[in-house]
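Student: Structure, please.
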Amino acid sequence: MKEVTVIKRFLINIILGDYTPKETRDIVKGDEIGSLLNRQWNATPSLESTHKPDYRKLFEKIREKTHPEKAEKSIHTQFFIKEIENLRENHRLLKNRYRLWLSIAASLIFILCIASVVFLSTTRILKKTITESIAPSGQKSQLLLADGTKVYLNSGTILRYDSRFGKQNREIELAGEAYFEVMADKKLPFLIYTSDIEIKVMGTKFNVMAYPNEPHIETTVTEGTVNVKEINGEKSVILTANQKASYTRSNRQLVRDVVNPVTFTSWKENILYFDNENFENVINKLERWYGVSIHLEGKDSVDDRFTITIKNESLKEVLDLISLTTPLRYKIEENDVTISYKKK
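Tutor: This is a model prediction of the structure:
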């Protein structure tokens with residue numbers, strides 16, 4: 001019974017793969033197991049007892065017959081299991097390495113994004129800067145834009161454009177009066193925006209008067225073609241040389257007339273024309289021209305018309321000239337002027 005127990009215990013353990021191949025070989029070669037297997041060998045009639053049994057082959061034969069699946073698993077499957085574990089380990093290492101590289105790549109992308117934002121914010125790509133040119137009251141100025149356009153600014157004028165001017169656009173904002181000599185550019189039209197009017201040109205010379213306190217916006221062309229359009233409406237006119245468009249803010253009327261452009265552009269030559277203008281318009285222009293504040297008393301004859309040419313005369317000389325034909329008294333105190341005007 002003891003031998004049967006030993007045989008069963010050892011055979012079960014060997015068949016189920018509880019021993020390594022080396023341990024299995026040592027057990028099979030042992031005296032006790034060897035004698036038991038030899039006895040089984042001698043009980044087999046098809047074999048000659050004179051031959052020494054091959055215990056290893058006999059053991060393999062017994063194992064295949066008794067429990068082939070377990071035997072197969074104990075010998076061959078362990079190799080594949082080990083290979084699978086190796087593959088799993090390699091996969092884990094690759095995955096960790098991939099995560100590491102992904103983390104590094106994400107960090108680099110984040111750093112590049114931060115660097116790009118810092119770079120762009122310090123340049124003019126993201127941050128649009130506005131350039132403002134001002135001609136103070138009583139003064140005139142000239143400037144040359146990036147596209148080669150010449151601009152003359154009359155007294156009390158503000159001109160604005162952004163850092164993309166001449167590269168991505170040719171758009172400006174105007175409050176006041178300016179004379180333009182625009183360089184031609186088919187790809188980038190020249191656009192002027194006032195409070196109520198948009199002026200579009202390709203290459204021409206023209207004058208725009210758009211003071212905020214004036215009732216009219218006037219565009220006068222000396223050369224080329226200009227398109228004048230109402231910003232918040234459908235009214236528009238095409239102007240050519242010696243034509244003027246006058247837009248009335250109160251009733252939004254846009255009228256085109258034939259004029260002598262010199263009358264409207266001579267200011268840039270330091271010559272101021274009054275051509276049949278009422279006294280209120282004369283006062284407004286004198287304020288800008290001399291940089292003073294004029295207070296008018298007695299407005300019962302503001303509709304009187306004046307035709308005057310001013311070149312180098314002082315304000316006192318101009319008022320003395322007006323007083324020859326118009327009953328008025330004036331007082332000049334530095335930049336404050338008071339005019340008492342009364343119809344005859």
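
Student: Show me the domain layout of this protein.
Tutor: When the chain is parsed into structural domains using automatic domain parsing, the resulting residue ranges are 2-66, 129-266, 271-344.

Student: winner for burial among those?
Tutor: domain 129-266 (a mean of 17; mean count of other Cβ atoms under 10 Å). Backbone N, C-alpha and C define where each C-beta goes, glycine included.

Student: one step back: take the domains of the chain and lay them out in CSV including mean pLDDT.
Tutor: Compiled in CSV, the domains of the chain are given as follows (pLDDT from 0 to 100):
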stretch, mean pLDDT
domain 2-66, 58
domain 129-266, 93
domain 271-344, 84
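
Student: my read: residue 195 touches residue 208, true?
Tutor: No - under the criterion of Cβ atoms under 8 Å, residue 195 lies out of contact with residue 208, with a separation of 11.8 Å.

Student: Report the set of residues contacting both of these two.
Tutor: Listed as contacting both residue 195 and residue 208 by Cβ atoms under 8 Å, 6 or more residues apart in numbering are residue 217.

Student: Could you pull up phi and psi at the residue nearest to residue 231 when sequence neighbours are not counted?
Tutor: In this structure, residue 231 finds its nearest non-sequential neighbour in residue 198, 5.2 Å apart by Cβ to Cβ, 6 or more residues apart in numbering. Residue 198 adopts backbone torsions of phi -110, psi 130, taken as degrees, to the nearest 10.

Student: Pull the contacting residues for residue 198.
Tutor: So residue 198 contacts 191, 192, 228, 229, 230, 231 (Cβ under 8 Å, 6+ apart).

Student: counting contacts, what elements does the one helix or strand residue 307 maps to pack onto?
Tutor: Secondary structure assignment for residue 307, by DSSP states H and E: strand 305-310. Applying 3 or more Cβ pairs under 8 Å, 6 or more residues apart in numbering; DSSP states H and E, one finds that strand 305-310 contacts strand 272-278, helix 279-290, helix 315-323.

Student: quick check: angle from the longest one to strand 305-310?
Tutor: Here helix 279-290 runs at an angle of 20 degrees relative to strand 305-310 (axes from the mean of the first three to the mean of the last three Cα atoms, to 10 degrees).

Student: can you pull out the helices in the chain?
Tutor: Per DSSP state H, the chain carries helices over the ranges 2-15, 21-28, 31-42, 55-66, 68-72, 78-122, 262-265, 279-290, 315-323.

Student: can you put the helices and strands packed on strand 305-310 in a markdown table and add distance to residue 331?
Tutor: A markdown table is the format used below for the helices and strands packed on strand 305-310 (distance: least, Cβ to Cβ, whole Å):
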| stretch | distance to residue 331 |
| --- | --- |
| strand 272-278 | 22 |
| helix 279-290 | 15 |
| helix 315-323 | 10 |
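
Student: Tell me which of those lies nearest to residue 247.
Tutor: When those are ranked by distance to residue 247, counting by Cβ to Cβ, first place goes to helix 279-290 at 16.0 Å.

Student: residues making contact with the closest one?
Tutor: Outside of helix 279-290, the residues within contact range by Cβ under 8 Å, 6+ apart are 137-138, 154-156, 211, 213-214, 272, 274, 277, 292-294, 296, 299, 301-304, 306, 308, 310, 315, 318, 322, 326, 339, 341.

Student: Repeat the analysis, applying 6 Å as the threshold.
Tutor: Identification of contacts with helix 279-290 by Cβ atoms under 6 Å, 6 or more residues apart in numbering yields 137, 138, 155, 156, 272, 274, 294, 296, 302, 304, 306, 315.

Student: of the residues you listed, closest to residue 129?
Tutor: Distance ranking of these against residue 129, using Cβ to Cβ, places residue 156 first at 24.0 Å.

Student: That closest one is in contact with residue 137, isn't it?
Tutor: Yes - shown here, residue 156 and residue 137 form a contact pair, counting by Cβ atoms under 6 Å, at 4.6 Å.

Student: if we can go back for a sec, who does the strand holding residue 307 pair up with?
Tutor: Sheet neighbours of strand 305-310, with direction, are listed as strand 272-278 (antiparallel) (DSSP bridges).

Student: got the angle for the partner strand vs helix 315-323?
Tutor: Counting by the same axes, to 10 degrees, strand 272-278 points 40 degrees away from the direction of helix 315-323.

Student: which outside residues touch strand 272-278?
Tutor: Identification of contacts with strand 272-278 by Cβ under 6 Å, 6+ apart yields 263, 266, 282, 289, 302, 303, 305, 306, 307, 308, 309, 310.

Student: now, which of these sits nearest residue 133?
Tutor: Closest approach between the contacts of strand 272-278 and residue 133, by Cβ to Cβ: residue 289, at 19.0 Å.

Student: Mind putting the contacts of helix 279-290 into JSON lines with distance to residue 251?
Tutor: As requested, the contacts of helix 279-290 are exported to JSON lines (distance: Cβ to Cβ, whole Å):
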{"residue": "137", "distance to residue 251": "29"}
{"residue": "138", "distance to residue 251": "32"}
{"residue": "155", "distance to residue 251": "28"}
{"residue": "156", "distance to residue 251": "25"}
{"residue": "272", "distance to residue 251": "28"}
{"residue": "274", "distance to residue 251": "25"}
{"residue": "294", "distance to residue 251": "27"}
{"residue": "296", "distance to residue 251": "25"}
{"residue": "302", "distance to residue 251": "20"}
{"residue": "304", "distance to residue 251": "24"}
{"residue": "306", "distance to residue 251": "25"}
{"residue": "315", "distance to residue 251": "34"}
